[in-house]
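Asker: Below is the sequence, then the predicted model.
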Amino acid sequence: WERGDEDVRSKMSRVAELAERGYRVLSSLGTDKQTGEPTIELGMLMNANFNLRKEMFGAEALGARNVEMIDTARGAGSFAKFTGSGGA
């Protein structure tokens, strides 16, 4: 990011967009009759966020066990990501 890597900058902009969309989804919950759609959308945003982080930093930086945890959850039909470390 600080070196001006265009790929990283583009993906970080995408991460910010996902966060904004997630905020809007969470803000709308409970405002009227809900279906499962907001939950599904939030899950898809979570998956996309993790995918971008993995593309930027690689599985090694994220940790093999962490990636395995995500793969296991997704393999069982769940949405999954883990919170960021602030550095990778």
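Answerer: Okay, I see it. All figures in this text were calculated on a predicted structure; none of them were measured in a lab.
Asker: Check the residue most central in space within the chain and give its pLDDT.
Answerer: Of all residues in the chain, the one closest to the mean position by Cα atoms, centre = their mean is Asn49, 2.1 Å from it. According to the prediction, Asn49 has pLDDT 92.
Asker: in stretch 44-56, what's buried?
Answerer: 45-50, 52-54, 56 (16 or more other Cβ atoms under 10 Å). (Glycine included, C-beta is placed from N, CA and C.)
Asker: Spell out the residue ranges of the helices in this structure.
Answerer: 6-28, 37-62, 64-75 (DSSP state H).
Asker: So what's the residue count around the closest residue to Leu26 other than its chain neighbours?
Answerer: Distances taken as Cβ to Cβ, 6 or more residues apart in numbering place Leu42 nearest to Leu26, at 7.0 Å, with adjacent residues excluded. Neighbours of Leu42 under the rule other Cβ atoms under 10 Å: 17.
Asker: Would you check how far apart Leu42 and Met69 are?
Answerer: 19 Å (Cβ to Cβ, to the nearest Å).
Asker: where's the closest residue to Ala59 other than its chain neighbours relative to Ser13, distance?
Answerer: In this structure, Ala59 finds its nearest non-sequential neighbour in Val67, 4.8 Å apart by Cβ to Cβ, 6+ apart. As judged by Cβ to Cβ, Val67 and Ser13 stand 24 Å apart.
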